[in-house]
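>>> have a look at this prediction, sequence included:
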Amino acid sequence: MSILTLPARHLASAYAPAWNARAAIWFIAPWLLPLSLYALWHLGAEQGWISPQVLPPPSYVWDTLSELTTSGDLWLNLKASLLRVLVGFAAGSLLGLILGTAMGLWRPLQAYLLPTFNALVQIPVLAWLPFVLLLVGIGEPLKYILIAKAALVPVTLNTLQGFRLASPALREVAHVYGYTRRQEVVEVVLPLATPTIFTGLRLGFTKAWLSLVVVELVASSEGLGYLIVYGRQLFQLDLVMAAVIVVGAIGYLIDRLLDWSEARFIGARAASRLGTQGEAP
Amino acid sequence: MSNAATTTHGATPIPLDDNGDTRRWRGLVLPVVAILLWWALSRAELVNSALLVSPGKVLATAADQITTGKLWRALGASLTRELTGFVIGTSAGLLLGALLGVSRWFNRLVGPSFNTFKQISLFAWIPLISVWFGLGDTAKVVFLSLAALVPVVVNTCDGIRSTPKPLLEVAKVYGYTPVQTFFHVVLPAATPAIFTGVYLALIYSWLATIGAEYLLVAGVGIGNLLIEGSEHFQMDLVIFGMFVVGLVGWLMNALARHVERRLAHLRGAAQ
């Protein structure tokens, strides 16, 4: 860890390492922290510094993880979780797109609806939980509703924000060119709004995934969150950690996937947007 | 998260775009109609009234909670936790974020690990935290600090890294030391982003407070109020709890926006 003590001035040149040892350290640097933490964990368990009840050794966790995959328990719970998040996200984002578009295109609706919407946004998913729980019980609808709500908020707000990006000046130009209202929306407003809407969908999916875990922790009898709670109740921390690893890995994969599709999608959109702006003057 | 002007982070409301329209009353129509409808429905007793409590019952519960001091005890406990976690998480986040932003080597060492950690849903940590720190206030404050830490680190690091290159070159030409550059060039340029991070930390730690009280059930707090209501099928208590949670969130939003405006004003005056 002597790298940390190097004076800051030398670090500026680190992007173009002058010699190979430095390049090698630069290359492996991201692995140093997780590997040393892992080694410490392993060593701590081996030497009996920490009781396995408090922190099970890594080998236990890997065993549990492989047992979960081979016995099929993991896939069963994963399937339940993914189904919930997909149904909830689909419903919430569809409603959010409709709501955001309607408020974006029709100002009176925004004036009537947005303040109430903003007020309801202040109440987090966890505070809605007891309310919805009393209304619909502890079954699947509870999960769908709460996940949908989590996705709905960012999708609605970003869609609305996206529509606002089309400035009045730009719409005036469209007007001067004799665009119909429909042409104006399809050819001017929508292309400008798309990247922001996509960001909303992305945020919506992240929120949906987070809420899934929360809802399953509080009220479920299957799913990844349930695995965590179940492990905690039996004091099987290896099961808890294995499930946390799966939750983290899936969250990471989803994030990568959305990153990639956003870059592709918005990359293409940005080009077409430049095209539109190029024609306007 | 870098473009604060166009994204909403999904957690914060966006203001009404009314172009100076004075008909602000239009926003009140929907809530008033909803409350009237609610009142009428509960009066007509068409639906199972154990769940459909009347607005009057909610108000009575609210009055009871306020006058007996239950509300203040719960709110006091929740806010103390929230602020403790917020202060610890934000301080650690500022330090970590600044290091990640300033030092390429530190970023290379810690950045990827931090980004991986960030991916794991914070709530998934709660069962582990409960084993390591119990169900009391320590565990809750640890969890809240983590919740506040993440947005501060991300935004501080982003803000520092997006200092305009020409500014850094000017500082170099003037022969600023790294410390001078940091305090006179980098920090002012990064302030808006850092503020966004702190603002999000305040909101996130409030959400996490409810979560922590929900999942680490011990002691008093607004979250416990909600649980009590749902366990005893007391819809009035649940609705009142939701209202309090929403109101506190709204007040925090308003406070942060006010401070942000003041800061922007001060910056404008200084230049």
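Okay, I see it.
>>> which element is the most centrally placed residue in chain B on?
Centrality entry for chain B: nearest residue to the mean C-alpha point is B:Ile203, 0.5 Å, by C-alpha atoms, centre = their mean. Under the assignment given by DSSP states H and E, the secondary-structure element containing B:Ile203 is helix B:187-215.
>>> the stretch 51-200 of chain B: helices as residue ranges?
B:55-67, B:70-102, B:104-119, B:126-133, B:137-161, B:165-173, B:178-181, B:187-215 (DSSP state H, counting those that start in this stretch).
>>> coming back round to it: pLDDT wise, what is the residue nearest to the centre of chain B at?
According to the model's per-residue confidence, B:Ile203 sits at a pLDDT of 87.
>>> okay but it is in contact with B:Leu255, surely?
No: taking contact to mean C-beta atoms under 8 Å, the distance of 10.8 Å between B:Ile203 and B:Leu255 leaves them out of contact. In this view, the C-beta of every residue, glycine as well, is placed from N, C-alpha and C.
>>> packing partners of whatever helix or strand comes next after the helix holding B:Ile203?
With elements assigned by DSSP H and E, the helix or strand that comes after helix B:187-215 is helix B:222-231. Helix B:222-231 makes packing contacts with helix A:125-136, helix B:70-102, helix B:187-215, helix B:235-270 when contacts are defined by 3 or more C-beta pairs under 8 Å, 6 or more residues apart in numbering or on different chains; DSSP states H and E.
>>> mean confidence score for helix B:222-231?
Mean predicted confidence for helix B:222-231 is 86.
>>> near chain B, anything from stretch A:41-60?
Yes: Stretch A:41-60 is in contact with chain B by C-beta under 8 Å from any C-beta of the partner chain, via A:Val54.
>>> let's have the helices of the stretch 51-200 of chain B in CSV, adding distance to chain A.
Output for the helices of the stretch 51-200 of chain B, formatted as CSV (distance: least, C-beta to the nearest C-beta, whole Å):
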stretch, distance to chain A
helix B:55-67, 12
helix B:70-102, 7
helix B:104-119, 4
helix B:126-133, 4
helix B:137-161, 11
helix B:165-173, 10
helix B:178-181, 5
helix B:187-215, 5
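>>> just send those back as CSV, with distance to A:Ser71 too.
Rendered in CSV, the data for the helices of the stretch 51-200 of chain B read as follows (distance: least, C-beta to C-beta, whole Å):
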stretch, distance to A:Ser71
helix B:55-67, 48
helix B:70-102, 38
helix B:104-119, 26
helix B:126-133, 21
helix B:137-161, 31
helix B:165-173, 55
helix B:178-181, 56
helix B:187-215, 27
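>>> OK, contacts around A:Ala150?
Contacts here follow C-beta atoms under 8 Å, 6 or more residues apart in numbering or on different chains; on that basis A:Ala150 touches A:Gly88, A:Gly92, A:Val125, A:Gly204, A:Lys207, A:Ala208, A:Leu210, A:Ser211.
>>> go again using 10 Å as the cut-off
Counting by C-beta atoms under 10 Å, 6 or more residues apart in numbering or on different chains, A:Ala150 touches A:85, A:88-89, A:92, A:124-125, A:128, A:203-212, A:214-215, B:10.
>>> is it true that the residue nearest to the centre of chain B touches B:Ala256?
Yes: counting by C-beta atoms under 10 Å, B:Ile203 does reach B:Ala256; the two are 7.8 Å apart.
>>> any idea how many residues pack against A:Asp255?
Number of residues near A:Asp255 (other C-beta atoms under 10 Å in any protein chain shown) recorded here: 17.
>>> backbone phi and psi for it, please?
In terms of degrees, to the nearest 10, the main-chain angles of A:Asp255 are phi -60, psi -40.
>>> residue contacts, it?
Residues in contact with A:Asp255, defined by C-beta under 10 Å, 6+ apart, are A:Arg202, A:Phe205, A:Thr206, A:Trp209, B:Asn115, B:Lys118, B:Gln119.
>>> before we move on, back to that, separation between the residue nearest to the centre of chain B and A:Thr156?
18 Å (C-beta to C-beta, to the nearest Å).
>>> go on, A:Arg164?
Between A:Arg164 and A:Thr156 the computed distance is 13 Å (C-beta to C-beta).
>>> now list whatever residues contact both of the two.
Shared between the contact lists of A:Arg164 and A:Thr156 (criterion: C-beta under 10 Å, 6+ apart) are residues A:Met103, A:Gly104, B:Ile14.
>>> and which of those residues is nearest A:Val61?
Sorting these by distance to A:Val61 puts B:Ile14 at the head of the list, at 43.0 Å, by C-beta to C-beta.
>>> poorly predicted segments of chain B, please.
Using pLDDT under 70 as the threshold, the predicted model of chain B has low-confidence ranges B:1-13, B:17-22, B:46-49, B:267-271.
>>> tell me the pLDDT of A:Phe267.
Careful, residue A:267 is Gly and not Phe. Note for A:Gly267: predicted pLDDT of 62.
>>> what do you get for the one 5 residues further on?
Reading off the confidence values, A:Ser272 has pLDDT 43.
>>> which non-adjacent residue is nearest A:Phe205?
Beyond its immediate neighbours in the sequence, the residue positioned closest to A:Phe205 (C-beta to C-beta, 6 or more residues apart in numbering or on different chains) is A:Phe89, lying 5.7 Å away.
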